[in-house]
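Novice: sharing a model prediction with you, sequence too.
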Amino acid sequence: MIARRWLALFATVALLLCTVTAHAQQRSVTLWHAYRGAEQQALEQVLRAFEREHPGVTITSLAVPFDAYASKLEAAIPRGNGPDLFIDAHERLPSYRARNIIESAAPALGQLARTDTGPDLEPLALEAVTSSDGSERYGVPLALKCLALFVDEELWERAGRPSLETVEGIAAARSALPREAYPLVYYGANAYFHAAFLHAFGGQLFDDRRGTYAFTGAAALQSLEYVQRLLRDRVVPAEVDGASVTPYFRSGRAMTVISGPWFVGELGDARRFRVVPLPRVTSTGRALSPLVTVEVAYLARNAHAPALAAELAAYFASPSAARTRALIGRQVVATPSAWSDPALAADRILAPFRRAARDGKLMPTHGNMRLSWEPANQAIRRALRDPAATRVALEQGQHRYDDASRPLPSRRSPLPLQLVLGVLALGLVFRSVQRARDPAFRYAVKQSMPAYAYVTHAVVIVTLLVVLPLVLGAITSLYAGRDGALEYVGAANYWDIITARGGPLFTSGTFYAVLLVTVVWTLANLALHVSIGVALALLLSRPLLKLRALYRVLLIIPWAVPSYVTALAWKGMFHRQTGAINAMLAALGVEPVSWFAQFSTAFTANVATNTWLGFPFMMVVTIGALAAIPKDLYEAAEVDGATPWQQFRHITLPLLKPTLLPSVSMGAVWTFNQFNVIFLVSGGEPDGATEILVTEAYRWAFTRQAQYGYAAAYAVLIFGVLVLGTRLLERLTTPPHARGGAR
Amino acid sequence: MREHSRKGPWWLEPLSHFVLLLAVAFALYPVLWVVSLALDGVQRPVARAIPWPESPSLDNFRAIIFARGNTGEWLFGRQLANSILVSAATALTAIAIATPAAYALARFPSFVGAKGGTKALLATQMFPGVASAVPLYMLLDKLRLLDTRSGLVLVYATTAVPFAIFQLRGAFETIPKDLEEAAMVDGATRFQAFVKVVLPAARPALAVTALFAFMSAWNEFILAATFLSRESAFTLPVALQRHVGEYDAAWGKFAAGSIIVSVPVMALFYALQKHLVGGLTSGGVKG
């Protein structure tokens, strides 16, 4: 009776809650974006204005870190946890369509003001959101992003106001500038930036219509040779990466810089500058034409308030909101009528960017475009490092692309697997029944009951939250597919990896080559960790040492700072131009080293970083182990006249070994799978040669079109190697007589 | 006489200090670079060997600490609180799950399934977690724990459990059985003996294990960014990562944020450093 009353009450409350939330849902919109700084500020202003114009509507916006953005969208939207609306670049459109997480933008585009040709939007931007067959449009284009030329007025005047119309005009400033300044600075080793040069020679990175890699042939060769000449003539500084362009410009050592709108925010008011469209190449007469990316407001599938989301997307592109985004967020907005605003039309930064975008080429959207960045970047880096190998570098790029885009293995019937699993399951059942009948086993289980009281909860939780996700991950390795559409292919992924996808087994990038690097990496690190750790621990354990506590605190600092921070600090220290390591070498009279240009130095840089990260752990473990060695052993040895070395050799080492071994094998596993250091310090440079198995798996999963199945197969193989490796270590280190009794 | 020989020759003392100072320089140098980057508004493209800011200012720190959300709330405060809450809860949960299991493995080493279970635990440490983010997401979604701090704590704590079990099992093995047996002779149940006798004796190891769990949660950002969908629920590393964009990065702010994130962990290390030595050694992983 009472139960029924409670139930009724509960149902009423639940009903009430449901109607309340349903009501609230209709009037609230969720927006995800990856904007920062001024862009974010402008976006928030636009949102508040929308809320003012639509009383009762609340907009929740979430700024997601760029690194986690795409994966978060792809995980959340299919399960109904995603936003109603999100902002991202247009080149991800095909992938989002393939994953079925966006809707047609027709309801939003229909609300926009119209011109003679269509909605009030830049034609190039509209083209970016149109499906390849032209039938449907996905998303409302908001802004264009591309490259333009930043000119330092002071240096330009000092160089005698050379022509900025052509690259040759800019290059002519070389002789008029001081030695440490450069006529042109840009992120040369990057395909996004190099594409501007490539387009000036009539080439392209990727043929969007045919869906093929196009960074080959005469145009590619000519564009690379052109840049090599600029480098040789010191028009452009060597080895500039994205982060070092800003300091060049801010310190007055770059007359011009090729960069995007984001660059403005980093300049502050340190220099007087202006922006102009990119120059021409005299010999071809064509302008450096930048790749244009369009920022798009996508309507998400499974939206809670689709109509309101469409209204908001249209509002973003309206002239008034576009003006806010342009003037405050400094965006090159894609709404033409907004530019009739005098403040905007005369803007000395945005207006030139708009002109530059009109000369630009739309970033290809074909799904395979994302596969071509890595090969193209590697080809450019190699060619700029070693001009003699330009042709080889381009061929390698094509080969790498072919490798990553090879056709997927064909679909197989899962029947054999099901049969095998069925037989295994039957066998397991049979065995457990047999064991359960065995009185000895029953007795053992009974004896184990007290232990189960302590472990059951841990077993359940670990199985559910640790083992299950890993097993699911491992099962993915039997599937193949790009962009999330997976099909069962049996062991094809493993076969591909083990046979090096039909190529020679020991060239760079194959499983065996990477495995070799990984093993060498692990051994080198372990040797350094253990020897440095033990040496410092021995010093710190000297009984009469002064300042011991202080030393100990200072020496464990590398362990306490997050490794993703310090790995980046180390990468900066190995920078060719601005790195502290080269500064120290210069003080010793040694030529600067391009650390990431050869395998040996890049590998050294990785090992140095990881040694720094890992020695404190070994040191602390050893200090503890040393403290546990009974003092009287040493005293007895001394009475017997043993030298300090003999004491170390015959007492310290043998007693240290058993306590250190577990930590060493744990350290080996961690180092084997050390992702952060490789990924952040060398990033696999040069040419992917310093990649280890985990980072290779990561690349298959995240930069080569989400080939999760392939990445999972790598993960399973890593697991297999580690199991074998630790077994081997155990065999080698356990004395034969102890083996039988080991648990 | 013996004192003399244990002290070794006269040059041993200065030599040890020399080597240790060298090691300290090695350990501190990159950290000093991060500090100088955080204090320095302007970077120069000139290689310098000495990490010293050119125009020191606290602007970057101010920008991080006084960051406000779009509703005017003090975001940094919220996110700091989130981080502390999530990491502390992770440490406690991991300890709560791992301690009894580790005790069982230490005291009943031959119960049925102990061997297989230990092997499975070790195996989880060897499997790279590259692909487990999506399955975990689906799982939390099913459990309706997505976008909650409890969900995050659950994931962090369980991933910390295997290592914690190894760590604590080693610690319990070094505690003499006689201690609990004496208590049990006096009429305590095994569980009482475990709680009242064994746990206090294992305090250093518990502290160190908790520190590791705390640290792993404190520094993680990929899973946090994937599972959380409200800025006010973000942890500090997620907020920190927002300063690194696709084309550009606010390195000064990133460095300032990193220092702020690192300070609490360094303080914990400092507070626990005595235990660290004892706590780590008694542990260790045995297959």
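Specialist: Yep, it's here.

Novice: any weak-confidence spans in the stretch 1-150 of chain B?
Specialist: B:1-8, B:41-47, B:69-72, B:129-132 (pLDDT under 70).

Novice: let's see that with 50 instead.
Specialist: Along the stretch 1-150 of chain B, segments meeting pLDDT under 50 span B:1-5.

Novice: can you show me the helices along it?
Specialist: B:2-7, B:12-39, B:59-65, B:75-107, B:114-126, B:133-142, B:149-174 (DSSP state H, counting those that start in this stretch).

Novice: for A:Pro306, find the nearest of those.
Specialist: When those are compared by C-beta to C-beta, helix B:133-142 sits nearest A:Pro306, at 21.3 Å. C-betas here are computed from N, CA, C, even on glycine.

Novice: please see if that closest one touches chain A.
Specialist: Yes - residues of helix B:133-142 contacting chain A under C-beta under 8 Å from any C-beta of the partner chain: B:133-139, B:141.

Novice: from those residues, which would you call buried?
Specialist: Among the residues of helix B:133-142 next to chain A, those classed as buried by 16 or more other C-beta atoms under 10 Å in any protein chain shown are B:133-137, B:139, B:141.

Novice: among the residues of helix B:133-142 next to chain A, which one lies nearest to A:Ser131?
Specialist: B:Val134 (26.9 Å).

Novice: the closest one contacts A:Ala75, correct?
Specialist: Yes - using C-beta atoms under 8 Å, B:Val134 is in contact with A:Ala75, at 5.8 Å.

Novice: least trustworthy helix or strand in chain A by mean pLDDT?
Specialist: Across the helices and strands of chain A, mean confidence by mean pLDDT, DSSP states H and E is lowest for helix A:2-26: a mean of 46.

Novice: check which helix or strand covers A:Arg229.
Specialist: In this assignment (DSSP states H and E), A:Arg229 forms part of helix A:217-232.

Novice: for that helix, C-alpha coordinates in CSV please.
Specialist: Coordinates of the C-alpha atoms in helix A:217-232 are reproduced here as CSV (Å, rounded to 0.1, in the frame of the first residue of the first chain):
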residue,chain,number,x,y,z
GLY,A,217,56.1,16.2,-61.0
ALA,A,218,57.7,19.3,-62.4
ALA,A,219,55.7,22.0,-60.5
ALA,A,220,56.6,20.4,-57.2
LEU,A,221,60.2,20.1,-58.1
GLN,A,222,60.4,23.7,-59.4
SER,A,223,58.7,25.1,-56.3
LEU,A,224,61.1,23.3,-54.0
GLU,A,225,64.1,24.4,-56.0
TYR,A,226,62.8,28.0,-55.9
VAL,A,227,62.6,27.9,-52.1
GLN,A,228,66.0,26.2,-51.9
ARG,A,229,67.5,29.1,-53.8
LEU,A,230,65.8,31.6,-51.4
LEU,A,231,67.4,29.7,-48.5
ARG,A,232,70.8,29.6,-50.1
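
Novice: packing partners of it?
Specialist: Counting contacts by 3 or more C-beta pairs under 8 Å, 6 or more residues apart in numbering or on different chains; DSSP states H and E, helix A:217-232 packs against helix A:191-200, helix A:369-385, helix A:390-404.

Novice: which SS class is the residue nearest the centre of chain B?
Specialist: Against the mean C-alpha coordinate of chain B, by C-alpha atoms, centre = their mean, the closest residue is B:Met215 at 1.7 Å. Classification of B:Met215 using DSSP: H, G, I helix; E, B strand; the rest coil returns helix.

Novice: so it touches B:Val265, yeah?
Specialist: Yes - between B:Met215 and B:Val265 a contact is recorded at 5.7 Å, counting by C-beta under 8 Å.

Novice: let me know how buried A:Gly268 is, in neighbour terms.
Specialist: Neighbour count of A:Gly268, defined by other C-beta atoms under 10 Å in any protein chain shown: 11.

Novice: ok, and the closest non-adjacent residue to it?
Specialist: A:Arg250 (7.4 Å; C-beta to C-beta, 6 or more residues apart in numbering or on different chains).

Novice: and the gap between the one you found and A:Met573?
Specialist: Separation of A:Arg250 from A:Met573 (C-beta to C-beta, to the nearest Å) stands at 20 Å.

Novice: between these two, which is the more surrounded one?
Specialist: Higher neighbour count among A:Arg250 and A:Met573: A:Met573, with 25 against 20, using other C-beta under 10 Å.

Novice: right, and the more buried one touches B:Pro30 too?
Specialist: Yes - A:Met573 is in contact with B:Pro30 according to C-beta under 8 Å; the separation is 6.4 Å.

Novice: the strand or helix carrying A:Gln646: what's the following helix or strand?
Specialist: For A:Gln646, the element it lies in under DSSP H and E is helix A:644-647. Sequence order places helix A:653-672 as the next helix or strand after helix A:644-647, per DSSP H and E.

Novice: centre of the chain to whatever helix or strand comes next after that next one, how far?
Specialist: For helix A:653-672, the following helix or strand on the C-terminal side (DSSP H and E) is helix A:675-677. The chain centroid and the centroid of helix A:675-677 are separated by 11 Å under C-alpha atoms, centre = their mean, to the nearest Å.

Novice: what residues are up against A:Trp612?
Specialist: A:558, A:566, A:570, B:26-27, B:30 (C-beta atoms under 8 Å, 6 or more residues apart in numbering or on different chains).

Novice: tally of neighbours for A:Leu547?
Specialist: 11.

Novice: how close does it get to A:Val620?
Specialist: For A:Leu547, the distance to A:Val620 - C-beta to C-beta - is 17 Å.

Novice: and what of A:Glu91?
Specialist: For A:Glu91 relative to A:Val620 (C-beta to C-beta), the value is 48 Å.

Novice: how is chain A divided into domains?
Specialist: A:27-141+A:295-362, A:148-289+A:369-403, A:406-507+A:705-735, A:510-686 (automatic domain parsing).

Novice: let me have those domains in a markdown table, adding mean pLDDT as columns.
Specialist: Output for those, formatted as a markdown table (pLDDT from 0 to 100):
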| stretch | mean pLDDT |
| --- | --- |
| domain A:27-141+A:295-362 | 89 |
| domain A:148-289+A:369-403 | 90 |
| domain A:406-507+A:705-735 | 83 |
| domain A:510-686 | 87 |
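
Novice: ok, which of those comes nearest B:Phe227?
Specialist: Using C-beta to C-beta, the domains of chain A put domain A:27-141+A:295-362 closest to B:Phe227, at 8.6 Å.
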